[in-house]
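> build me a structure from this.
(chains A, B and C)
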Amino acid sequence: MIISVASGKGGTGKTTIATSLALSLDRELQFIDCDVEEPNAHIFLKPEINASETVGLPVPRIDPGRCVLCGHCQEVCAYNAIAVTSLQVLTFPELCHSCGACALLCPQQAIEEIPREIGTLETGALRTFSGRAIRFVHGRLNPKEVATPHLIRQVKARIEPDSLVIMDAPPGTTCPVVQTIKDSHFCILVTEPTPFGFHDLKLIIELLKQIRIPHGVVINRCDIGDRQVESFCEEQQIPVLMRIPFSLDIARMYSRGVALIEADRQYRRKFQEMFEIIEPRALQPDSLQ
Amino acid sequence: MKICVTAQDKDLNTSVDPRFGRCGYFLIIDTESLSCEAIENPNRETGGGAGIRSGQMMSANQVEAVLTGHMGPNAFRTIASENIQIFLGIAGPVREVVEKFKQGQYQPAGAPDTGSHQTPLS
Amino acid sequence: MKTIVIISGKGGTGKTVTCASFAALARNHILVDCDVDAADLHLLLHPQVREKHIFQKGQTARIDAARCLQCGQCRGRCRFQAIRADFQVDALACEGCGLCARICPTGAAVMEDNTCGQWYLSETRYGPMVHADLYPGEENSGKLVAKIREAAAEEAQKRGLEYVIVDGSPGIGCPVIASLSGADLAVIVTEPTLSGIHDMERVMTVAQHFRIPTRVVINKYDLNEVNTLKIEDDQRSKGNEILGRIPFSKTVPESVVRGVPLVEYAQNDAARAMRNLWQAIQVYLVEESVAKKDAS
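Numbers count the residues shown, from 1 in each chain, chains lettered A, B, ... in the order given. This is a model prediction of the structure:
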């Protein structure tokens, strides 16, 4: 079963919830941090990293011996990543989406695809408080790279299909988020009861309805703000899975990289209860569209 | 010789447009006769690679030198690969700029002066 | 005209709240909300939309079931897993490369222009504002951000405005790069947490690559004064004094709930710190122009 944790608005506590859930369940599972632009889960889970590899994306390389400068590659490239000049073919790898069209369609078969490094993928492990193994994967996009969805796909390729998987998604509602959550069996949405949290929550819920993933809401810092989120969830019959009041102590501990359930042990039971609400509502693993 | 100056409007009386890839107009100017052809830039709204497309127009118009305010690495590479000279940091009324060019007052640029993903700004 | 871009790396550090206060304090400016994925600035500034524009970018494939032979060539070649088992296109996954349309033997697969969002030129109590909404699930390539930056620059020129104040995108990807373009100063709003510091460093690398000067603001600084000092020392060692520190205060979320900029909601330490911050930015910009004039 794959449970993703997303938000819409950044900074609402996705990583806090995802990591605390993983630690509270106290069983073997896999934790995947898909926020490849700003991965943070490792700060709280503190896994021992045991493997690191660079991730590459295929980009075209032209064989000048076979190229006749016909210009077909430029014509088929939707991203202006190939320019055929009077003397040579120039490629612009940072614009390339790695679709493979140029290599496939070159009439002279003068194009091969070679990997270009866009980031790293690290795997590791940690143990819960009673010694169960949590296997950890995250990706880190190289700064200035734009290939976020591709790296997310690589990270997700490490999902163990028969495990319980908890996935930390990037913030927002666009492509990288969709890439991350689209085959989850359940999505936990973390929000705050402010106009910002509410506005962004509605956006991500619209998306989840479109891709038909069951979801529930965690209201973080629930005592600072207004009632719009609660009312909305009631109206829309979206389960509120947990309410976490603001605590300066917890905020201070967070600033030092201490996970919520380590800062306040009482939360362990709350996260276990949350999982009990989620489990029956999650899509059956074989019923994905 | 034929040169290209990026411009805000269609004739020699206008000012240099500091952008290359998404400038308003490309003025193709014959430095001897001062004849001037204005090409409205078709790449202003293009998704990505405006610099590359605009760069390719330079050799298509048999230009030997390009004068503009700023240029990113993609356009620079595209133009330099055709052995066309590039002059950056150019500003002011186009007519004056052409004069100064003829008098050899400008040095060709060895490298682009901005990062890519430029948005058009003054 | 000076362009000030407020970024953070990490979400939720206070970019938008800061931007809204600057809008209330600055004279002669235009605001741009570049967080097009989840635009929130309007909730504090309440813009009246004057112009609305559709934004189209790229294309999406569509398969005409009537002509489709289900030969599977498209599915086999699509790198984005965008063609489902029923030979319909998953529009959210499609990246518009056009390969399927090119190889489809019957022409059942075609490419169509993709409307992915809309943008607006509006007026607020404090001045003009340009903002946008990217439709959920769309690729945030930064092009919509680039579009609104351009529109704002044109409007600023037209009206002879002094400042372009940009609420930047979170993260480090294309939208951030597009937010940062042409900035005279990137103000990095961070918090003294390990996550905040980690993300601040990553976004700083991006800004520095584009040779944009950065200055750090530490929000909620009193949550962890040890980390606050670490950030300050580290920045100082790189020759950058931090721009300011803002204390944690419940009046901040209260002001968000009320829907007003912090500096209008309260007169406390946090609001004062915000005012000092705007001052510090103006001082920085003046000092930089003087330094440039001296150098030339």
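> extract the CA atoms of the host helix or strand of A:Glu273 and return them as PDB.
According to DSSP states H and E, A:Glu273 maps onto helix A:266-281. Output of helix A:266-281 as PDB, limited to C-alpha atoms (Å, rounded to 0.1, in the frame of the first residue of the first chain):
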ATOM      1  CA  GLN A 266       1.900  11.200  22.900                       C
ATOM      2  CA  TYR A 267       1.700  11.700  19.200                       C
ATOM      3  CA  ARG A 268       2.800   8.100  18.500                       C
ATOM      4  CA  ARG A 269      -0.700   6.800  19.500                       C
ATOM      5  CA  LYS A 270      -2.400   9.500  17.400                       C
ATOM      6  CA  PHE A 271      -0.500   8.500  14.300                       C
ATOM      7  CA  GLN A 272      -1.300   4.900  14.800                       C
ATOM      8  CA  GLU A 273      -5.000   5.800  15.100                       C
ATOM      9  CA  MET A 274      -4.700   7.900  11.900                       C
ATOM     10  CA  PHE A 275      -3.400   4.900  10.100                       C
ATOM     11  CA  GLU A 276      -6.300   2.800  11.300                       C
ATOM     12  CA  ILE A 277      -8.600   5.400   9.700                       C
ATOM     13  CA  ILE A 278      -6.700   5.400   6.500                       C
ATOM     14  CA  GLU A 279      -6.200   1.700   5.900                       C
ATOM     15  CA  PRO A 280      -9.900   0.700   5.100                       C
ATOM     16  CA  ARG A 281     -10.300   3.800   3.000                       C
END
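> chain center to that helix, what's the gap?
Counting by C-alpha atoms, centre = their mean, to the nearest Å, helix A:266-281 is centred 22 Å from the centre of its parent chain.
> kindly report the same for stretch C:144-156.
In terms of C-alpha atoms, centre = their mean, the gap separating the centre of stretch C:144-156 from the centre of its chain is 12 Å.
> downstream of the host helix or strand of C:Trp119, the next helix or strand is which one?
Using DSSP H and E, the element containing C:Trp119 is strand C:109-124. Using DSSP H and E, the helix or strand that follows strand C:109-124 towards the C-terminus is strand C:127-134.
> packing partners for that next one?
Packed against strand C:127-134 by the contact rule (3 or more C-beta pairs under 8 Å, 6 or more residues apart in numbering or on different chains; DSSP states H and E) you find strand C:29-33, helix C:42-45, strand C:109-124, helix C:143-159. Glycine gets a C-beta too; all of them are placed from N, C-alpha and C.
> list the buried residues in that strand.
Neighbour-count burial for strand C:127-134 flags C:Gly127, C:Pro128, C:Met129, C:Val130, C:His131, C:Ala132, C:Asp133, C:Leu134 (criterion: 16 or more other C-beta atoms under 10 Å in any protein chain shown).
> how about the contacts made by the last one?
Okay, so that is C:Leu134. A:Thr173, A:Thr174, C:Val36, C:Asp37, C:Phe55, C:Cys116, C:Gly117, C:Asn140, C:Leu144 (C-beta atoms under 8 Å, 6 or more residues apart in numbering or on different chains).
> Throw the buried residues of strand C:127-134 into CSV and include pLDDT, thanks.
Below are those laid out as CSV (pLDDT from 0 to 100):
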residue, pLDDT
C:Gly127, 95
C:Pro128, 97
C:Met129, 97
C:Val130, 97
C:His131, 96
C:Ala132, 95
C:Asp133, 91
C:Leu134, 88
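> between those residues, which is nearest A:Phe92?
Nearest to A:Phe92 among the buried residues of strand C:127-134: C:Leu134, at 24.0 Å, using C-beta to C-beta.
> so the residue nearest to A:Phe232 when sequence neighbours are not counted, which state does it fall into?
Take A:Phe232 and drop its neighbours on the chain: the residue closest to it by C-beta to C-beta, 6 or more residues apart in numbering or on different chains is A:Phe198, 6.9 Å away. Here A:Phe198 is recorded as helix under DSSP: H, G, I helix; E, B strand; the rest coil.
> contacting residues around A:Phe198?
A:Thr191, A:Gln228, A:Val229, A:Phe232.
> dump the residues you listed to CSV, plus distance to C:Val283, secondary structure and neighbour count.
Converted to CSV, the contacts of A:Phe198 look like this (distance: C-beta to C-beta, whole Å; DSSP: H, G, I helix; E, B strand; the rest coil; neighbours: other C-beta atoms under 10 Å in any protein chain shown):
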residue, distance to C:Val283, secondary structure, neighbour count
A:Thr191, 38, strand, 31
A:Gln228, 39, helix, 17
A:Val229, 40, helix, 23
A:Phe232, 44, helix, 16
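> ok, back up a step: just give me the closest of the buried residues of strand C:127-134 to A:Gln236.
Nearest to A:Gln236 out of the buried residues of strand C:127-134 is C:Asp133 (C-beta to C-beta; 20.7 Å).
> ok, the closest one - contacts?
Applying C-beta under 8 Å, 6+ apart, we find C:Asp133 in contact with C:Val36, C:Ala39, C:Gly117, C:Gln118, C:Trp119.
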